[in-house]
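> Quick one: sequence and predicted model below, then my questions.
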Amino acid sequence: MNEKHNAEDTIESLRLQIKKLNRIITKQEKRLAWSEALASTNMLTQTRMREETEAALVKAQEANQTKTNFLANMSHEIRTPLNAVIGLSDLILETDSLGDENRYRLEQIHNAGETLLSTVNDILDISKIEAGKFDLIPVVYELASMINDTVTQSFLHGREKPIKFEMNISENLPTHLLGDELRIKQILNNLLSNAFKYTIEGTVELTVECDKVDEETRMLTYIIKDTGIGIRKDSMDSLFTDYSQMDMAANRKIEGTGLGLSISKRLTELMNGTIAAESEHGKGSKFTVKIPQKNVTDNTIGEEVINSLKSFHYSEHKRQRDGRIARISLPYARVLIVDDVVTNLDVAKGLMKPYHMQVDCVTGGFEAIEAMHDTRVRYNAIFMDHMMPGMDGIEATRRIREIGSKYATNIPIIALTANAIVGNEEMFLENGFQAFISKPIEVVHLDNVIREWIRDKNQENLLAGTLEPSKNSYAEGKNLQALYKGVKGLDVRKGLKRFTGDNDAYIDVLRSFARNSAPLLDVLNKVNEENLSEYTTTVHGIKGSSRSICADEIADMAEALESAGNNENFGYIKIKNQQLIEKTQKLISDIVQMIAEIDEDNQKPKKDQPDRETLDRLLEACINYEMNEVDSALEELESYDYETGGYLITWLRDNVEKMNFDEIIEELTV
């Protein structure tokens, strides 16, 4: 009995323990269920919060983009009439018929326009940077000239104050560097103009130093120091903030948007540089800017240039020097220029004319490859456009290298590009190019490339003294009043400077632009959403050729439309395309009229028909691929007006420019 009782007690005890254990398990399950439910709720909440946060971020980004687009469009629209105000007042100020009072008033209008334009440009730059559409454009520039231009412009802010301006210029500064000269000038202008604005009396000091980083890079240091009102400690943290002006109560009478320092910082950082500020309120400020630049020469500016900068006589000193670069004669050299825009070919030929090289031109990548296969000629270098229809410059270069011969593998190929943004140099070097030149072509950069990649000193020494300098027929006392009177939308003075004062070369390029741009406008007229790629390439060509002749307003319009084409923004193209077409047509018409006036004052002698002997010389030159003789014969034919057969000379010029020698041979063979 006792055993039975004990067994029952044990069973009851186990039952109670199992029941208790079940209750515990149930509680744990409930807790687990609650935990899972809570976790699920938290997850849903987190997901919803993340989605709401992402949606809010997208809305904020869209709002910021809308603001950026508005500021960019507004700034651009304001800048256009402002350029007219400043440009027209500039022209009127050059006349001698203004009285003192009217001249003073016009100068005030001009200065106010410059101030407003500077503000608008600041807003436009901020907008571009925020939108990620701000591109640096590196060029080879003359460092002393850049410093002089900056100092001259900034010093105007302080010329009516008792301020002493001092310059400390290091003698080891390179004569030339590769970088975005305009943006560096913008940074220095902002800092120097601030120094003059916020200094009532005392000293403003500019120090420029250079340190070697490696064989390819130089670190430029610019220090701007003043004895002005300084900056309070509590304002230093917001010094480089957008739209922030220091101590507004104290500075309310001083012009400024508060954008200058912010833009300076952003531009400096875009160029991988640094900017730092030190200041003591009431005693002055010091800004230090360090910007790396690509090295292009070991030549330094020297003591004479430094003294001319310090005495503000640099411009005069530069004019007194040999006004144009000493060109080397390279009659032994033959180069090929590849560009789909004939005007760009004529620009390059005009700039290369003083080197006495043989220059061949083709209008596409396929033709360039054919020229490299032609055993009748050997080139010393190829100048290859980047963006071309059918086959771009990179693909053409790759195929030339794949020909496999030692000649094709080693020939220097120099890229020509109107999109000279940071990083392009590395991209071209990685794709088989030896160097690149940005459009519009600058003479200094072209000269550096020719000296490095084409010049052969041994052959040059053999031929020294055998060539006469090229003549400039229009410059020899003939009437150029129409050219110097100019055309609206065309900066003739800048154009002549680009061609180092060679009137003939510049006029020939203007002829080419007028003759060859009309077919491009036909392409623009036919734009639709299906042919955007062709449209973008064509408008890119118009941008480059317009920059080359210094028609910058049209070039700017073309650049904006090119960007729209790249971004497939057909809506913008529909709005702005016709305006570009009409402005370009008007420019072409005005150029044609101007050249007609020049030709009227420089009339050619008349002949009954083209001389057969000269035509035979041209035929023989085309058969033998002798470009110098081709040019010589054609120029002789073009030096006359003809009673009959003049159409043939026009046809020959067109086909010579396109290197259609087979067609010329067929036409001239009797």
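Sure thing, it's come through.
> name the element Ala415 belongs to?
Assigned by DSSP states H and E, Ala415 falls within strand 413-417.
> strands paired with that strand, and their directions?
Its sheet considered, strand 413-417 pairs with strand 381-385 (parallel), strand 435-438 (parallel) by DSSP bridges.
> Of the ones you listed, flag the one that's most buried.
strand 381-385 (a mean of 26; mean count of other Cβ atoms under 10 Å). C-beta here means a position set from N, CA and C on the backbone, and glycine is covered the same way.
> buried stuff in the strand holding Ala415?
413-417 (16 or more other Cβ atoms under 10 Å).
> now swap in stretch 198-212 and tell me
In stretch 198-212, counting by 16+ other Cβ under 10 Å, buried: 198-199, 204-208, 210.
> So which of the residues you listed belong to helices?
Among these, no member falls in helices (DSSP state H).
> From those, pick the one nearest Ser262.
Tyr198 (16.4 Å; Cβ to Cβ).
> is it true that the closest one touches Asp226?
Yes: Tyr198 is within contact range of Asp226, at 7.0 Å (criterion: Cβ atoms under 8 Å).
> any residues in contact with both of these two?
Ser285 (Cβ atoms under 8 Å, 6 or more residues apart in numbering).
> ok, back up a step: pull the most distant pair out of the buried residues of stretch 198-212.
Tyr198 and Cys210 (27.7 Å).
> circling back to that earlier point, closest one of the buried residues of stretch 198-212 to Lys574?
Tyr198 (47.4 Å).
> and this structure, what are its domains?
2-130, 139-320, 334-470, 481-603, 607-668 (automatic domain parsing).
> Tabulate those domains (CSV), appending mean pLDDT.
Converted to CSV, those look like this (pLDDT from 0 to 100):
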stretch, mean pLDDT
domain 2-130, 63
domain 139-320, 80
domain 334-470, 82
domain 481-603, 84
domain 607-668, 83
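> closest to Ile328 out of the ones you listed?
Closest among these, once you apply Cβ to Cβ, is domain 334-470, at 6.3 Å.
> Name the SS class of Asp508, please.
helix (DSSP: H, G, I helix; E, B strand; the rest coil).
> quick one, what contacts it?
346, 350.
> how near is it to Tyr222?
Note on Asp508: its distance to Tyr222, by Cβ to Cβ, to the nearest Å, is 41 Å.
> Make TSV from the domains of the chain and add distance to Ile328 to it.
TSV is the format used below for these (distance: least, Cβ to Cβ, whole Å):
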stretch	distance to Ile328
domain 2-130	37
domain 139-320	16
domain 334-470	6
domain 481-603	14
domain 607-668	17
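> Out of the ones you listed, which is closest to Arg327?
Across the domains of the chain, closest to Arg327 is domain 334-470 (Cβ to Cβ), at 4.0 Å.
> Wasn't Arg398 part of a strand?
No: counting by three-state DSSP, Arg398 falls outside a strand, being helix.
> I'd like to know how many residues surround it.
By other Cβ atoms under 10 Å, 13 other residues sit near Arg398.
> what's the answer for the one 4 residues further on, then?
The burial metric for Glu402, expressed as a neighbour count using other Cβ under 10 Å, is 11.
> how much space is there between it and Arg183?
Distance from Glu402 to Arg183, by Cβ to Cβ: 39 Å.
> Could you dump the buried residues of strand 413-417 into JSON lines and include distance to Ile591?
Formatted as JSON lines, these follow (distance: Cβ to Cβ, whole Å):
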{"residue": "Ile413", "distance to Ile591": "32"}
{"residue": "Ile414", "distance to Ile591": "29"}
{"residue": "Ala415", "distance to Ile591": "29"}
{"residue": "Leu416", "distance to Ile591": "23"}
{"residue": "Thr417", "distance to Ile591": "25"}
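> so what's the residue nearest to Thr397 when sequence neighbours are not counted up against?
Among residues not flanking Thr397 along the chain, Gly432 sits closest, at 4.6 Å (Cβ to Cβ, 6 or more residues apart in numbering). If a contact means Cβ under 8 Å, 6+ apart, then Gly432 has 394, 397-398, 400-401, 413 as its contacts.
> where exactly do the helices run in the stretch 551-670 of the chain?
552-566, 570-601, 612-624, 627-638, 646-657, 661-668 (DSSP state H, counting those that start in this stretch).
> so what does the shortest one touch, helix or strand wise?
Put plainly, it is helix 661-668. helix 612-624, helix 646-657 (3 or more Cβ pairs under 8 Å, 6 or more residues apart in numbering; DSSP states H and E).
> Span of stretch 416-431 from start to end?
14 Å (Cα to Cα, to the nearest Å).
> now do stretch 379-390
Stretch 379-390 end-to-end distance (Cα to Cα) = 23 Å.
> Going forward, count from 8.
Sounds good: first residue 8 from here, last item stretch 386-397.
> Correct me if wrong: Val147 contacts Val450.
No: assessed by Cβ under 8 Å, Val147 is found out of contact with Val450, at 9.7 Å.
> Let me know the helix or strand that Gly439 is in.
Judged by DSSP H and E, Gly439 forms part of no helix or strand.
> I'd like the distance between it and Glu173.
49 Å.
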